[in-house]
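**Q** sequence first, predicted model second:
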Amino acid sequence: MFDRKITRPQLTQFALRSMRNAAKSLPGMLGFSTIAWVLSTLNYEGTREHDIKADHINDECKDLVMDSSQFEVLGEAEHGSLHAKFVKDIANGEEYVKKGAHSRSDFVKEYMTGNFLHLIRPEQPACKIMQSTDDNGTTHFHLLSHKFPNTVDVEQFLSNGNANKIFSGNMEILGLEATLAADNIVGKQSDTKFANMIVTETPNRLTFASIDNEKAVSPVRAFADSGHISFILDPKELALGIADLGDKSVAFGDIAGFVTRSELAGTEIAKEFRTKVNELVKKENLAQYYEDVSKANIEPLISDCHRLAKHTRLFKHKECDDYRKHYKKIQGDAKTHAERMKSNSM
């Protein structure tokens, strides 16, 4: 399976050399300290995953935070730039994808964005938190993304020879518009690819959803944010953002880490997928998704955020307020676009 261990977009060798040279132009110790700071910062930012540690969260948040002892490990994910494992809740058999994060703020962003999208559409995986305490008393945190039964990512689905289930017309296809639009409304379109979409299979239906929200836009613009919030009005444009539909040829974006493509890129399967998506997507479904975005009740999520902030340094009250404003802005724009699309179709 294709390996996606890439550097963050802003941390190219070109950027490193430029910043080092700029620091060298500064006098004496100022130049040396600046170089040290630059190298330290770039080393941290260039490391894909860090150990997320904080104080242990008590039972007042046990509906949101689960102890690692409650799970058994089923296996490791086949690909991904973060170390991920499949785990199962021993008590109820529910399965999750357990993974780390680049930083504390990215941890919070993944949690908040995943649950925001879940509030809009239940087919989107909800997110919980796993904590584990080592022998030294240090508590480590991982994210838990719910894994629906009979669900795999689209790359694996297609690679396993299931393309005809999508292309034949014998299966009902649901959620393509919502899946691709979701990446745009939270600003993670730079990471839209087969591996970041999932498909749940039932006897007569394939239901699509989006996963992995680490590249979503932060409420307060962050250094590594590479996307932007957008609302696509023409459903035929939705498929244009899927990285795997391009050729395998290496472009600057690939070198810099902006785009990663699977082994399916440029193949007939990828081309046929694009054709099929354009056949299936409907303007009314896209408009309905924007309306669903506008009507979702985000207050329980913001309340949970504040509850976590009360009991752990992982979350911050100001962040919770920032996310509320962030999502309210998205919802207001979604309402405007839904109304515009519906009025234009009359």
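**A** Good, I have the coordinates. Since this is a predicted model, take the numbers as computed values, not measurements. Residues are numbered from 1 along each chain as shown.

**Q** who's in contact with residue 58?
**A** Residues in contact with residue 58 (C-beta atoms under 8 Å, 6 or more residues apart in numbering) are residue 311. Heads up, the C-betas are built off the backbone N, CA and C, glycines and all.

**Q** need the pLDDT of it.
**A** On pLDDT, residue 58 comes in at 90.

**Q** dig out what the closest residue to residue 77 other than its chain neighbours forms beta bridges with.
**A** Leaving aside its sequence neighbours, residue 77 sits nearest to residue 84 (C-beta to C-beta, 6 or more residues apart in numbering; 3.8 Å). On the basis of DSSP bridges, residue 84 is bridged to residue 99.

**Q** residues contacting residue 84?
**A** By C-beta under 8 Å, 6+ apart, the neighbours of residue 84 are 76, 77, 97, 98, 99.

**Q** just the buried residues of the residues you listed.
**A** Buried members of the contacts of residue 84, counted by 16 or more other C-beta atoms under 10 Å: 77, 97, 98, 99.

**Q** tell me which element residue 75 is part of?
**A** strand 71-76 (DSSP states H and E).

**Q** just checking: what are the partner strands of that strand?
**A** Per DSSP bridges, strand 71-76 is paired in its sheet with strand 84-89 (antiparallel).

**Q** list the buried ones in the strand it pairs with?
**A** 84, 86, 87, 88, 89.

**Q** redo those as a markdown table? Include pLDDT and distance to residue 342.
**A** Listed next are the buried residues of strand 84-89 as a markdown table, based on pLDDT from 0 to 100; distance: C-beta to C-beta, whole Å:
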| residue | pLDDT | distance to residue 342 |
| --- | --- | --- |
| 84 | 82 | 39 |
| 86 | 92 | 41 |
| 87 | 96 | 42 |
| 88 | 96 | 43 |
| 89 | 96 | 41 |
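
**Q** the residue lying closest to residue 172 once chain neighbours are set aside bridge partners, please.
**A** Leaving aside its chain neighbours, residue 172 sits nearest to residue 205 (4.5 Å; criterion: C-beta to C-beta, 6+ apart). Beta-bridge pairing of residue 205, defined through DSSP bridges, involves residue 172, residue 202.

**Q** pretty sure residue 205 is touching residue 171, no?
**A** Yes. Contact criterion C-beta atoms under 8 Å: residue 205 and residue 171 qualify, at 6.2 Å.

**Q** and those two? which has more neighbours close in?
**A** More crowded of residue 205 and residue 171, by other C-beta atoms under 10 Å: residue 171, with 17 against 12.

**Q** what's near enough to touch the more buried one?
**A** Contacts of residue 171 by C-beta under 8 Å, 6+ apart are 165, 204, 205, 206.

**Q** Three-state assignment for residue 143, please.
**A** Under DSSP: H, G, I helix; E, B strand; the rest coil, residue 143 falls in the strand class.

**Q** just checking, it touches residue 131?
**A** No. In this structure residue 143 lies outside contact range of residue 131 using C-beta under 8 Å: 11.0 Å.

**Q** list the residues that contact residue 73.
**A** 85, 86, 87.

**Q** check contacts around the nearest residue to the first one once chain neighbours are set aside.
**A** Think residue 85. Nearest residue to residue 85 in three dimensions, chain neighbours excluded: residue 98, at 4.8 Å (C-beta to C-beta, 6+ apart). Neighbouring residues of residue 98 by C-beta under 8 Å, 6+ apart: 71, 84, 85, 86, 87, 130, 142, 143, 144.

**Q** wait, which of these is closest to residue 325?
**A** Nearest to residue 325, judged by C-beta to C-beta, of the contacts of residue 98 is residue 143 at 23.2 Å.

**Q** what's the neighbour count on that closest one?
**A** Residue 143: 25 surrounding residues under other C-beta under 10 Å.
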